[in-house]
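# need a 3D model of the following:
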Amino acid sequence: MKRRKTQTVAAGSVKIGSKHPIVIQSMVKFETTDVARCVKQINALAAAGAGLVRLAVPTAKDTAAFAKIVQKVRIPLVADIHFSADRAIEAIEAGAAKIRLNPGNIKDKNDVARIIDCAKAHKIAMRVGINEASIRNLLHDTPMRKRISLMISEMAGYIRIFENRGFNNLVLSVKSSDVLRTIESNIAIAEKFNYPLHLGLTHAGLAEDAIVPASVALGTLLHQGIGDTIRISIAGDPVQEVEIAKQILASLELYKTNQPQLIVCPTCGRCKWNLVSFAQQVKKLLDKVDKPIRVAVMGCVVNGPGEAADADIAVCAAAGKGFIYKKGEKMAAVAQSKLLTAIKKEIEKI
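Now for the predicted structure:
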(Lines give C-alpha, C1' and ligand atoms only; values in the text may rest on other atoms or scores of the structure.)
Protein backbone atom coordinates (compact mmCIF):
# COMPACT_ATOMS: atom_id res chain seq x y z
CA MET A 1 0.00 0.00 0.00
CA LYS A 2 1.14 3.54 -0.69
CA ARG A 3 2.03 5.68 2.32
CA ARG A 4 0.86 9.26 2.49
CA LYS A 5 3.74 11.65 1.78
CA THR A 6 4.68 13.84 4.72
CA GLN A 7 7.66 15.82 5.82
CA THR A 8 10.18 13.99 7.98
CA VAL A 9 10.41 14.78 11.68
CA ALA A 10 13.41 13.87 13.84
CA ALA A 11 12.90 12.79 17.46
CA GLY A 12 16.45 12.14 18.53
CA SER A 13 17.75 9.24 16.42
CA VAL A 14 14.23 8.27 15.32
CA LYS A 15 12.89 9.58 12.01
CA ILE A 16 9.13 9.90 11.61
CA GLY A 17 7.47 10.37 8.23
CA SER A 18 6.29 8.65 5.09
CA LYS A 19 9.62 7.33 3.80
CA HIS A 20 10.59 5.90 7.19
CA PRO A 21 9.22 2.78 8.93
CA ILE A 22 6.17 3.32 11.12
CA VAL A 23 7.34 3.91 14.68
CA ILE A 24 5.72 1.98 17.54
CA GLN A 25 5.29 3.95 20.75
CA SER A 26 4.22 3.16 24.28
CA MET A 27 4.09 4.89 27.64
CA VAL A 28 5.62 4.04 31.02
CA LYS A 29 2.99 3.09 33.59
CA PHE A 30 4.97 4.06 36.72
CA GLU A 31 5.49 7.44 38.37
CA THR A 32 8.47 9.07 36.70
CA THR A 33 10.09 9.69 40.08
CA ASP A 34 10.51 5.89 40.39
CA VAL A 35 13.62 5.98 38.23
CA ALA A 36 14.67 2.34 38.55
CA ARG A 37 11.28 0.89 37.63
CA CYS A 38 10.89 3.35 34.77
CA VAL A 39 14.28 2.42 33.32
CA LYS A 40 13.46 -1.27 33.59
CA GLN A 41 10.13 -0.82 31.79
CA ILE A 42 11.65 1.40 29.09
CA ASN A 43 14.29 -1.23 28.39
CA ALA A 44 11.58 -3.92 28.19
CA LEU A 45 9.59 -1.79 25.75
CA ALA A 46 12.64 -1.15 23.60
CA ALA A 47 13.44 -4.88 23.55
CA ALA A 48 9.84 -5.61 22.50
CA GLY A 49 10.07 -3.23 19.53
CA ALA A 50 9.11 0.26 20.71
CA GLY A 51 10.94 3.09 18.95
CA LEU A 52 9.82 5.86 21.31
CA VAL A 53 8.64 5.76 24.92
CA ARG A 54 6.65 8.49 26.67
CA LEU A 55 6.62 9.44 30.35
CA ALA A 56 4.32 11.67 32.36
CA VAL A 57 5.95 14.73 33.98
CA PRO A 58 3.25 16.51 36.01
CA THR A 59 5.65 17.97 38.62
CA ALA A 60 9.14 19.47 38.85
CA LYS A 61 10.25 16.29 40.69
CA ASP A 62 9.17 14.30 37.63
CA THR A 63 11.18 16.42 35.21
CA ALA A 64 14.21 16.10 37.51
CA ALA A 65 13.75 12.31 37.46
CA PHE A 66 13.23 12.43 33.69
CA ALA A 67 16.72 13.91 33.32
CA LYS A 68 18.18 10.93 35.21
CA ILE A 69 16.22 8.41 33.15
CA VAL A 70 17.40 9.93 29.85
CA GLN A 71 20.96 9.17 30.88
CA LYS A 72 20.21 5.52 31.69
CA VAL A 73 18.45 4.40 28.49
CA ARG A 74 19.33 4.31 24.79
CA ILE A 75 15.88 4.86 23.32
CA PRO A 76 14.64 8.45 22.68
CA LEU A 77 12.12 9.59 25.30
CA VAL A 78 8.99 11.71 24.99
CA ALA A 79 7.68 13.92 27.80
CA ASP A 80 3.91 14.08 28.18
CA ILE A 81 2.96 17.67 29.00
CA HIS A 82 -0.34 18.92 30.36
CA PHE A 83 -1.28 22.33 31.80
CA SER A 84 2.26 23.59 32.53
CA ALA A 85 4.64 25.38 30.18
CA ASP A 86 7.29 25.20 32.91
CA ARG A 87 7.17 21.39 32.89
CA ALA A 88 7.57 21.43 29.10
CA ILE A 89 10.67 23.62 29.25
CA GLU A 90 12.14 21.59 32.11
CA ALA A 91 11.57 18.36 30.17
CA ILE A 92 13.19 19.77 27.03
CA GLU A 93 16.21 20.90 29.03
CA ALA A 94 16.29 17.48 30.72
CA GLY A 95 16.88 15.79 27.37
CA ALA A 96 13.48 14.93 25.90
CA ALA A 97 13.75 14.01 22.22
CA LYS A 98 10.12 15.01 21.80
CA ILE A 99 7.33 16.46 23.90
CA ARG A 100 3.59 16.04 23.60
CA LEU A 101 1.42 19.14 24.06
CA ASN A 102 -2.34 19.08 24.44
CA PRO A 103 -4.08 22.18 23.05
CA GLY A 104 -6.99 21.34 25.33
CA ASN A 105 -5.07 22.43 28.41
CA ILE A 106 -2.23 24.76 27.34
CA LYS A 107 -4.04 27.63 25.67
CA ASP A 108 -2.04 30.74 26.61
CA LYS A 109 -0.19 31.88 23.47
CA ASN A 110 2.70 33.28 25.49
CA ASP A 111 3.19 29.90 27.18
CA VAL A 112 3.09 28.13 23.83
CA ALA A 113 5.60 30.62 22.42
CA ARG A 114 8.00 29.96 25.31
CA ILE A 115 7.80 26.22 24.67
CA ILE A 116 8.34 26.65 20.94
CA ASP A 117 11.41 28.82 21.42
CA CYS A 118 12.93 26.31 23.85
CA ALA A 119 12.18 23.40 21.48
CA LYS A 120 13.81 25.27 18.59
CA ALA A 121 16.90 25.97 20.66
CA HIS A 122 17.26 22.29 21.57
CA LYS A 123 16.24 21.01 18.11
CA ILE A 124 13.62 18.58 19.42
CA ALA A 125 10.29 17.41 18.00
CA MET A 126 6.84 18.19 19.32
CA ARG A 127 3.54 16.36 19.00
CA VAL A 128 0.37 18.38 19.00
CA GLY A 129 -1.95 15.80 20.54
CA ILE A 130 -5.65 16.58 20.66
CA ASN A 131 -7.93 14.29 22.64
CA GLU A 132 -11.63 14.63 21.98
CA ALA A 133 -12.35 14.41 25.70
CA SER A 134 -9.95 17.21 26.67
CA ILE A 135 -11.17 19.95 24.32
CA ARG A 136 -14.85 19.71 25.21
CA ASN A 137 -16.47 22.39 27.36
CA LEU A 138 -18.66 20.20 29.55
CA LEU A 139 -20.79 23.19 30.59
CA HIS A 140 -21.66 23.77 26.94
CA ASP A 141 -20.84 20.43 25.41
CA THR A 142 -20.30 20.01 21.68
CA PRO A 143 -22.64 17.49 20.02
CA MET A 144 -20.91 14.35 18.76
CA ARG A 145 -21.58 15.20 15.12
CA LYS A 146 -19.59 18.44 15.50
CA ARG A 147 -16.62 17.14 17.49
CA ILE A 148 -14.48 16.27 14.48
CA SER A 149 -14.84 19.83 13.20
CA LEU A 150 -13.95 21.09 16.66
CA MET A 151 -10.77 18.97 16.76
CA ILE A 152 -9.72 20.12 13.27
CA SER A 153 -10.34 23.75 14.20
CA GLU A 154 -8.32 23.43 17.43
CA MET A 155 -5.48 21.77 15.53
CA ALA A 156 -5.40 24.41 12.80
CA GLY A 157 -5.25 27.24 15.33
CA TYR A 158 -2.45 25.60 17.28
CA ILE A 159 -0.40 24.84 14.17
CA ARG A 160 -0.63 28.48 13.05
CA ILE A 161 1.09 29.50 16.29
CA PHE A 162 3.95 27.06 15.62
CA GLU A 163 4.34 27.98 11.96
CA ASN A 164 4.24 31.71 12.70
CA ARG A 165 7.24 31.20 14.99
CA GLY A 166 9.09 29.17 12.36
CA PHE A 167 8.70 25.75 13.99
CA ASN A 168 7.64 22.78 11.88
CA ASN A 169 9.29 19.74 13.49
CA LEU A 170 5.76 18.63 14.33
CA VAL A 171 3.82 15.40 14.62
CA LEU A 172 0.02 15.63 14.84
CA SER A 173 -2.54 13.42 16.51
CA VAL A 174 -6.30 13.51 16.99
CA LYS A 175 -7.68 10.83 19.28
CA SER A 176 -11.04 9.61 20.42
CA SER A 177 -12.27 6.53 22.27
CA ASP A 178 -14.79 6.11 19.43
CA VAL A 179 -13.61 4.03 16.47
CA LEU A 180 -15.51 5.88 13.73
CA ARG A 181 -14.60 9.36 14.97
CA THR A 182 -10.96 8.29 15.27
CA ILE A 183 -10.98 7.16 11.64
CA GLU A 184 -12.87 10.17 10.32
CA SER A 185 -10.87 12.77 12.25
CA ASN A 186 -7.53 11.33 11.13
CA ILE A 187 -8.65 11.24 7.51
CA ALA A 188 -9.63 14.90 7.84
CA ILE A 189 -6.29 15.84 9.42
CA ALA A 190 -4.36 13.92 6.75
CA GLU A 191 -6.19 15.81 4.00
CA LYS A 192 -5.48 19.20 5.58
CA PHE A 193 -1.86 18.96 6.81
CA ASN A 194 1.43 17.53 5.57
CA TYR A 195 2.85 16.67 8.99
CA PRO A 196 3.40 13.06 10.15
CA LEU A 197 0.48 11.59 12.07
CA HIS A 198 0.54 9.66 15.33
CA LEU A 199 -2.37 7.20 15.47
CA GLY A 200 -4.17 5.86 18.50
CA LEU A 201 -7.58 4.87 19.78
CA THR A 202 -7.44 6.44 23.20
CA HIS A 203 -8.71 4.73 26.37
CA ALA A 204 -9.22 1.54 24.39
CA GLY A 205 -9.72 -0.58 27.52
CA LEU A 206 -8.27 -3.76 28.96
CA ALA A 207 -6.06 -5.69 26.56
CA GLU A 208 -8.68 -8.30 25.71
CA ASP A 209 -11.23 -5.57 25.00
CA ALA A 210 -8.89 -3.19 23.20
CA ILE A 211 -7.51 -5.45 20.48
CA VAL A 212 -10.52 -5.44 18.16
CA PRO A 213 -11.46 -1.71 18.23
CA ALA A 214 -7.83 -0.59 18.11
CA SER A 215 -7.11 -2.94 15.22
CA VAL A 216 -10.17 -1.75 13.29
CA ALA A 217 -9.40 1.96 13.81
CA LEU A 218 -5.68 1.85 13.16
CA GLY A 219 -5.84 -0.88 10.52
CA THR A 220 -8.37 1.10 8.49
CA LEU A 221 -6.20 4.21 8.54
CA LEU A 222 -2.93 2.40 7.90
CA HIS A 223 -4.45 0.60 4.92
CA GLN A 224 -5.25 4.02 3.46
CA GLY A 225 -1.62 5.07 3.87
CA ILE A 226 -2.36 7.26 6.89
CA GLY A 227 -0.16 7.05 9.96
CA ASP A 228 3.54 7.37 10.70
CA THR A 229 3.71 6.36 14.37
CA ILE A 230 1.22 4.41 16.49
CA ARG A 231 0.32 3.54 20.05
CA ILE A 232 -2.17 0.96 21.31
CA SER A 233 -3.59 2.45 24.51
CA ILE A 234 -4.50 -0.38 26.87
CA ALA A 235 -4.98 -0.57 30.62
CA GLY A 236 -2.23 -3.00 31.54
CA ASP A 237 1.30 -4.06 30.70
CA PRO A 238 2.67 -1.63 28.07
CA VAL A 239 4.71 -4.41 26.48
CA GLN A 240 1.34 -5.78 25.35
CA GLU A 241 0.75 -2.46 23.59
CA VAL A 242 3.90 -3.00 21.56
CA GLU A 243 3.06 -6.63 20.78
CA ILE A 244 -0.42 -5.71 19.55
CA ALA A 245 0.98 -2.84 17.47
CA LYS A 246 3.49 -5.20 15.85
CA GLN A 247 0.73 -7.66 14.98
CA ILE A 248 -1.40 -4.94 13.38
CA LEU A 249 1.52 -3.64 11.33
CA ALA A 250 2.71 -7.14 10.38
CA SER A 251 -0.77 -8.09 9.16
CA LEU A 252 -0.57 -5.14 6.73
CA GLU A 253 3.02 -6.00 5.77
CA LEU A 254 4.23 -2.79 7.39
CA TYR A 255 6.48 -4.47 9.95
CA LYS A 256 9.07 -7.17 9.46
CA THR A 257 8.97 -9.75 12.20
CA ASN A 258 10.73 -13.01 13.00
CA GLN A 259 7.58 -14.42 14.55
CA PRO A 260 6.21 -17.52 12.81
CA GLN A 261 2.69 -17.51 11.45
CA LEU A 262 0.24 -20.32 12.19
CA ILE A 263 -2.70 -20.78 9.81
CA VAL A 264 -5.44 -22.98 11.29
CA CYS A 265 -8.62 -24.30 9.72
CA PRO A 266 -11.73 -23.18 11.69
CA THR A 267 -13.06 -26.78 11.43
CA CYS A 268 -16.48 -27.98 10.33
CA GLY A 269 -18.35 -31.26 9.89
CA ARG A 270 -15.71 -32.50 7.44
CA CYS A 271 -13.01 -32.51 10.10
CA LYS A 272 -12.39 -36.03 11.46
CA TRP A 273 -9.93 -35.31 14.28
CA ASN A 274 -9.25 -32.93 17.16
CA LEU A 275 -7.57 -30.27 15.04
CA VAL A 276 -7.79 -27.52 17.68
CA SER A 277 -5.83 -29.54 20.22
CA PHE A 278 -3.23 -30.43 17.59
CA ALA A 279 -2.90 -26.79 16.49
CA GLN A 280 -2.36 -25.71 20.09
CA GLN A 281 0.52 -28.17 20.36
CA VAL A 282 2.01 -26.85 17.11
CA LYS A 283 1.70 -23.31 18.47
CA LYS A 284 3.78 -24.32 21.51
CA LEU A 285 6.46 -25.62 19.16
CA LEU A 286 6.44 -22.33 17.26
CA ASP A 287 6.74 -20.28 20.46
CA LYS A 288 10.41 -21.36 20.47
CA VAL A 289 11.00 -20.41 16.83
CA ASP A 290 12.59 -17.06 15.93
CA LYS A 291 12.06 -17.14 12.18
CA PRO A 292 9.16 -15.89 10.03
CA ILE A 293 7.99 -19.30 8.81
CA ARG A 294 4.40 -20.04 7.84
CA VAL A 295 2.81 -23.24 9.14
CA ALA A 296 -0.68 -24.41 8.18
CA VAL A 297 -2.82 -26.95 10.02
CA MET A 298 -5.85 -27.89 7.94
CA GLY A 299 -8.76 -30.18 8.73
CA CYS A 300 -9.59 -31.57 5.29
CA VAL A 301 -8.73 -31.45 1.59
CA VAL A 302 -11.10 -28.62 0.61
CA ASN A 303 -8.77 -25.68 1.39
CA GLY A 304 -5.88 -27.75 2.71
CA PRO A 305 -3.82 -28.14 -0.47
CA GLY A 306 -4.22 -24.45 -1.34
CA GLU A 307 -3.04 -23.30 2.08
CA ALA A 308 -0.27 -25.88 1.98
CA ALA A 309 0.97 -24.39 -1.28
CA ASP A 310 1.55 -21.04 0.49
CA ALA A 311 3.03 -22.50 3.67
CA ASP A 312 6.57 -23.52 4.48
CA ILE A 313 5.15 -26.54 6.31
CA ALA A 314 1.57 -27.82 6.33
CA VAL A 315 -0.47 -30.75 7.48
CA CYS A 316 -3.78 -31.64 5.82
CA ALA A 317 -5.62 -34.10 7.98
CA ALA A 318 -7.77 -37.06 7.07
CA ALA A 319 -9.34 -39.83 9.17
CA GLY A 320 -6.54 -41.38 11.20
CA LYS A 321 -3.70 -39.70 9.30
CA GLY A 322 -2.36 -36.47 7.86
CA PHE A 323 -0.45 -35.43 4.76
CA ILE A 324 2.73 -33.43 5.32
CA TYR A 325 3.52 -30.69 2.79
CA LYS A 326 6.72 -28.66 2.48
CA LYS A 327 6.50 -25.51 0.34
CA GLY A 328 3.52 -26.94 -1.50
CA GLU A 329 5.05 -30.35 -2.19
CA LYS A 330 3.43 -33.41 -0.59
CA MET A 331 6.16 -35.16 1.39
CA ALA A 332 4.47 -38.01 3.24
CA ALA A 333 1.34 -39.52 4.74
CA VAL A 334 1.78 -39.90 8.50
CA ALA A 335 -0.35 -41.67 11.09
CA GLN A 336 -2.26 -39.22 13.29
CA SER A 337 -0.39 -40.39 16.39
CA LYS A 338 2.95 -39.44 14.78
CA LEU A 339 1.95 -36.17 13.13
CA LEU A 340 3.22 -33.85 15.87
CA THR A 341 6.63 -35.52 15.86
CA ALA A 342 6.77 -35.24 12.07
CA ILE A 343 5.86 -31.54 12.12
CA LYS A 344 8.42 -30.89 14.87
CA LYS A 345 11.17 -32.46 12.76
CA GLU A 346 10.24 -30.34 9.74
CA ILE A 347 10.24 -27.15 11.85
CA GLU A 348 13.64 -28.01 13.27
CA LYS A 349 15.03 -28.56 9.76
CA ILE A 350 13.98 -25.04 8.78
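# helix, strand or coil for G166?
coil (DSSP: H, G, I helix; E, B strand; the rest coil).
# list the contacts for the nearest residue to it once chain neighbours are set aside?
With sequence-adjacent residues excluded and distances taken as Cβ to Cβ, 6 or more residues apart in numbering, G166 is closest to K120, at 7.3 Å. All C-beta atoms are positioned from the backbone trio N, CA, C, and that covers glycine. By Cβ atoms under 8 Å, 6 or more residues apart in numbering, K120 lies in contact with R165, G166, F167.
# out of those residues, who's the most crowded?
F167 (18 neighbours; other Cβ atoms under 10 Å).
# quick check: which element contains the spatially closest residue to it that is not a sequence neighbour?
Distances taken as Cβ to Cβ, 6+ apart place I116 nearest to F167, at 4.9 Å, with adjacent residues excluded. Per DSSP states H and E: I116 is located in helix 109-122.
# I'd like the next helix or strand past that helix.
strand 125-131.
# run the chain-centre distance for that next one.
With Cα atoms, centre = their mean, to the nearest Å as the basis, strand 125-131 stands 16 Å off its chain's centre.
# that strand vs helix 109-122, what angle?
Per axes from the mean of the first three to the mean of the last three Cα atoms, to 10 degrees, the angle that strand 125-131 makes with helix 109-122 is 150 degrees.
# strand 125-131 - contacts with which helices or strands?
strand 9-11, strand 98-101, helix 109-122, helix 144-164, strand 170-175 (3 or more Cβ pairs under 8 Å, 6 or more residues apart in numbering; DSSP states H and E).
# name the strands paired with that strand and say parallel or antiparallel.
Applying DSSP bridges, strand 125-131 is found paired with strand 98-101 (parallel), strand 170-175 (parallel).
# spatially central residue for the chain, please.
What sits nearest the mean C-alpha location of the chain, by Cα atoms, centre = their mean, is A245, with 3.4 Å.
# distance of the residue nearest to F167 relative to I92?
From I116 across to I92, the span is 10 Å (Cβ to Cβ, to the nearest Å).
# ok, those two, which is more surrounded?
Relative neighbour count places I92 above the other of I116 and I92, with 23 against 19, counting by other Cβ under 10 Å.
# what residues are up against C268?
Here C268 is in contact with G299 (Cβ under 8 Å, 6+ apart).
# so it, which state does it fall into?
Going by three-state DSSP: C268 is coil.
# quick one: which of the helices and strands packed on strand 125-131 is nearest S26?
Nearest to S26 among the helices and strands packed on strand 125-131 is strand 98-101 (13.1 Å), distances taken as Cβ to Cβ.
# quick one: buried residues of the closest one?
Across strand 98-101, burial judged by 16 or more other Cβ atoms under 10 Å covers K98, I99, R100, L101.
# pLDDT of that strand, averaged?
Strand 98-101 shows a mean pLDDT of 91.
# which ones are touching the residue nearest to D117 when sequence neighbours are not counted?
In this structure, D117 finds its nearest non-sequential neighbour in R165, 7.1 Å apart by Cβ to Cβ, 6+ apart. Counting by Cβ under 8 Å, 6+ apart, R165 makes contact with A113, I116, D117, K120.
# check K256 too.
A250, P292.
# ok, the one 3 residues further on next?
Neighbour list for Q259: K246, A250, P292 [criterion: Cβ under 8 Å, 6+ apart].
# including pLDDT and neighbour count, could the residues you listed go into CSV?
Output for the contacts of Q259, formatted as CSV (pLDDT from 0 to 100; neighbours: other Cβ atoms under 10 Å):
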residue, pLDDT, neighbour count
K246, 93, 20
A250, 89, 15
P292, 81, 13
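# what's the closest of these to A207?
K246 (14.0 Å).
# distance check, the closest one against T257.
For K246 relative to T257 (Cβ to Cβ), the value is 6 Å.
# which residues do the two both contact?
Contacts common to K246 and T257, judged by Cβ under 8 Å, 6+ apart, are absent.
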